[in-house]
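In: what follows is a protein structure lacking sequence information:
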């Protein structure tokens with residue numbers, strides 16, 4: 001049984017979707033006015049694993065993640081570049097998809113854009129107006145918060161304090177400060193669509209209510225996003241959706257914690273935002289994904305150069321182990337027979353952790369135990385029977401593949417990953433590849449001549465250059481020390 005920490009109740013609860021065996025999940029996607037930052041990427045990675053694990057557990061999942069391509073930020077960015085807002089948004093949608101693929105994010109079942117769903121949005125706003133919980137004012141349409149008594153049930157905020165802190169901005173025609181825009185009257189030079197209230201465009205919050213209803217129904221199972229979206233975005237989604245349908249909007253709410261930079265919260269106003277695209281140039285994508293998953297999704301995560309380096313080192317350990325296992329046991333027939341220990345215990349430990357509110361760090365503990373056993377069998381086997389060792393290594397390798405489908409890690413060919421890692425380090429450290437290869441050839445000649453003193457001297461020379469050599473059954477290979 002999977003349990004989920006439900007932001008709505010503040011408690012961990014058994015996860016029971018409305019329709020047995022089926023899950024309908026909506027995750028708030030990016031506002032595409034620029035490249036996404038690593039805080040966004042952490043959230044999308046967390047829910048990518050949620051989606052993968054639900055499918056691993058046998059659920060029929062419908063996963064929706066939207067693109068906000070109509071927004072003030074997009075309009076302002078387009079003015080700076082001289083592009084049409086919709087063209088600029090599409091350019092960044094394409095960039096997002098490219099970066100998401102590098103980060104091993106699976107493609108959602110539906111990735112709706114606001115600009116493609118104006119009729120659904122207008123229809124939902126009209127329904128709210130007809131119910132008397134929204135009103136038109138000089139071409140704008142606002143949701144009247146006072147008509148929805150349960151407002152702030154997600155964020156648990158005090159309404160009196162919210163009213164005291166809220167101000168009506170210039171150009172707004174609200175009745176009350178907490179009311180929020182569902183539709184904005186057209187302004188010169190901005191994209192606009194026809195509506196019963198005149199030309200205009202949607203407000204931010206209404207889009208997710210309209211698109212989730214279209215693809216998942218008016219009441220669905222799981223809604224996710226970053227912690228910063230609880231208020232006002234998700235709060236407003238609940239209010240407008242439930243006021244329109246008279247049904248509970250969503251059963252479970254999950255929110256991903258903030259990502260900090262060297263102990264300081266990322267903030268555009270502080271100018272300390274790291275774009276995912278830039279991070280992917282500095283670190284292996286799988287290592288970056290491993291870093292995002294290294295802390296429970298609800299907890300804050302600190303980003304630093306050391307944390308990235310540690311993640312790459314860990315991934316190198318994993319892939320180096322898999323390379324050795326594949327060389328030792330890959331494609332070989334060790335016959336049927338007993339195994340050393342119980343490889344399925346790692347699966348049970350993995351699933352126990354993931355069932356507990358998608359506890360990926362706990363799942364990593366099972367993964368680490370599995371790799372420790374593989375290395376023990378490779379280096380200091382506790383049994384002498386080579387067939388038992390071979391069968392066990394093969395069984396553990398299959399368990400690794402199971403984990404990989406959930407984590408989105410370790411799906412690459414180990415040799416290929418290790419070579420890419422080496423190439424990056426060669427470039428970073430300015431190592432002369434030709435010189436390294438010449439020294440390795442010298443060492444091979446010395447060993448063939450049984451001149452082991454010379455062979456050891458060459459090894460030390462390479463070590464001083466930052467190069468470590470490994471003698472394997474397939475020959476001598478080398479890597480760059482991080």
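Out: Received it, and whenever you're ready, just let me know what you need. Worth saying up front: this structure is predicted, and the values here are computed from it rather than measured.
In: neighbouring strands - and their directions - for the helix or strand in which residue 468 is found?
Out: Secondary structure from DSSP states H and E places residue 468 in strand 467-472. Here strand 467-472 has these sheet partners by DSSP bridges: strand 475-480 (antiparallel).
In: work out the gap between the strand it pairs with and the centre of the chain.
Out: Centroid displacement of strand 475-480 relative to its chain, using CA atoms, centre = their mean, to the nearest Å, is 33 Å.
In: swap in stretch 459-474?
Out: 36 Å.
In: buried stuff in stretch 358-369?
Out: By 16 or more other CB atoms under 10 Å, the buried positions in stretch 358-369 come out as 358, 359, 360, 362, 363, 364, 366, 367. C-beta: built from backbone N, CA, C; applies to glycine.
In: what's the first-to-last distance across stretch 260-275?
Out: Using CA to CA, to the nearest Å, one end of stretch 260-275 lies 13 Å from the other.
In: same question, stretch 20-35
Out: Note: stretch 20-35 ends 38 Å apart using CA to CA.
In: for it, give the mean pLDDT please.
Out: Regarding stretch 20-35, the rounded mean pLDDT is 97.
In: what comes up buried for that stretch?
Out: For stretch 20-35, a neighbour-count test (16+ other CB under 10 Å) marks 23-35 as buried.
In: can you pull out the strands in the stretch 51-200 of the chain?
Out: Using DSSP state E, counting those that start in this stretch, the strands of the stretch 51-200 of the chain run over 60-65, 134-137, 140-143, 180-185, 200-202.
In: and those: which comes nearest residue 398?
Out: Ranking the strands of the stretch 51-200 of the chain by proximity to residue 398 (CB to CB) places strand 60-65 first, at 23.8 Å.
In: just checking, what packs against the closest one?
Out: Applying 3 or more CB pairs under 8 Å, 6 or more residues apart in numbering; DSSP states H and E, one finds that strand 60-65 contacts strand 22-27, helix 38-56, helix 206-216.
In: how big is the angle separating the longest one from strand 22-27?
Out: This means helix 38-56. Counting by axes from the mean of the first three to the mean of the last three CA atoms, to 10 degrees, helix 38-56 lies at 180 degrees to strand 22-27.
In: so helix 38-56 versus strand 60-65, what angle?
Out: 170 degrees.
In: let me see the contact set for residue 63.
Out: 25, 27, 51, 106, 108, 109, 110 (CB atoms under 8 Å, 6 or more residues apart in numbering).
In: picking up where we left off before, got the buried residues for the strand holding residue 468?
Out: 467, 469.
In: on that earlier part again, relative to residue 239, which of the contacts of residue 63 is nearest.
Out: For these, the nearest to residue 239 is residue 27 (19.7 Å; CB to CB).
In: beta partners of the closest one?
Out: Under the criterion used (DSSP bridges), residue 27 bridges to residue 65, residue 224.
In: surely it meets residue 62?
Out: No: judged on CB atoms under 8 Å, residue 27 makes no contact with residue 62 at a distance of 11.8 Å.
In: can you show me the helices along the stretch 101-250 of the chain?
Out: Using DSSP state H, counting those that start in this stretch, the helices of the stretch 101-250 of the chain run over 118-130, 159-165, 206-216, 235-245.
In: let me redo that: the stretch 251-400 of the chain
Out: Taking DSSP H, counting those that start in this stretch, the helices of the stretch 251-400 of the chain run over residues 276-282, 285-293, 305-329, 344-355, 360-379, 386-407.
In: now those in JSON lines, with mean pLDDT?
Out: Below are the helices of the stretch 251-400 of the chain laid out as JSON lines (pLDDT from 0 to 100):
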{"stretch": "helix 276-282", "mean pLDDT": "93"}
{"stretch": "helix 285-293", "mean pLDDT": "98"}
{"stretch": "helix 305-329", "mean pLDDT": "95"}
{"stretch": "helix 344-355", "mean pLDDT": "98"}
{"stretch": "helix 360-379", "mean pLDDT": "98"}
{"stretch": "helix 386-407", "mean pLDDT": "97"}
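In: tell me which of the ones you listed sits most buried.
Out: Ranked by mean neighbour count, the helices of the stretch 251-400 of the chain are led by helix 285-293 with a mean of 24 (mean count of other CB atoms under 10 Å).
In: check which helices and strands that one sits against.
Out: The helices and strands touching helix 285-293, judged by 3+ CB pairs under 8 Å, 6+ apart, are helix 38-56, strand 301-303, helix 305-329, helix 360-379.
In: relative to helix 305-329, how tilted is it?
Out: Going by the same axes, to 10 degrees, helix 285-293 makes 120 degrees with helix 305-329.
In: how far away from the center of its chain is helix 285-293?
Out: Here the centre of mass of C-alpha atoms in helix 285-293, compared against the chain's by CA atoms, centre = their mean, lies 9 Å away.
In: now what about it, what contacts it?
Out: For helix 285-293, contacts defined as CB under 8 Å, 6+ apart pick out 38, 41-42, 45-46, 49, 102-104, 279-280, 283, 301, 303, 307-308, 311-312, 314-315, 360-361, 364, 407-410, 412, 417.
In: with stretch 365-383 instead?
Out: The contact list for stretch 365-383 (CB under 8 Å, 6+ apart) reads 317-318, 321, 324-325, 328, 340-341, 343, 346-347, 349-350, 353, 389, 392-393, 396-397, 399-400, 403, 407.
In: and stretch 197-205, by the same measure?
Out: Defining contact as CB under 8 Å, 6+ apart, one finds that stretch 197-205 is touched by 68, 70-71, 114, 118, 121, 136, 139-141, 180-186, 190-193, 232-233, 236-237, 240.
In: any chance of the helices and strands packed on strand 60-65 in CSV, with distance to residue 379 too?
Out: Listed next are the helices and strands packed on strand 60-65 as CSV, based on distance: least, CB to CB, whole Å:
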stretch, distance to residue 379
strand 22-27, 43
helix 38-56, 31
helix 206-216, 50
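In: which one of these lies closest to residue 176?
Out: Of those, nearest to residue 176 by CB to CB is helix 206-216, at 18.0 Å.
In: sort out which residues of that closest one are buried, please.
Out: Neighbour counts using 16+ other CB under 10 Å place 206, 207, 208, 209, 210, 211, 212, 213, 214, 215, 216 of helix 206-216 among the buried residues.
In: how about stretch 449-466?
Out: Residues of stretch 449-466 classed as buried: 455, 458, 459, 462, 465, 466 (neighbour count, 16+ other CB under 10 Å).
In: now do the contacts for the third one.
Out: Contacts were defined as CB under 8 Å, 6+ apart; by that measure residue 459 touches 443, 469.
In: and it, what element?
Out: helix 452-464.
In: pLDDT weak spots in the stretch 101-250 of the chain?
Out: 164-171 (pLDDT under 70).
In: so what's residue 347 up against?
Out: Neighbours of residue 347 in contact, by CB under 8 Å, 6+ apart: 366, 399, 402.
In: now, which of these sits nearest residue 97?
Out: Closest approach to residue 97 among the contacts of residue 347 (CB to CB): residue 402, at 27.2 Å.
In: and the gap between that closest one and residue 337?
Out: Separation of residue 402 from residue 337 (CB to CB, to the nearest Å) stands at 22 Å.
In: cool, and residue 181?
Out: 69 Å.
In: repeat for residue 475
Out: 31 Å.
In: now render the buried residues of stretch 358-369 as TSV, adding distance to residue 91.
Out: Output for the buried residues of stretch 358-369, formatted as TSV (distance: CB to CB, whole Å):
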residue	distance to residue 91
358	33
359	38
360	33
362	40
363	37
364	36
366	41
367	38
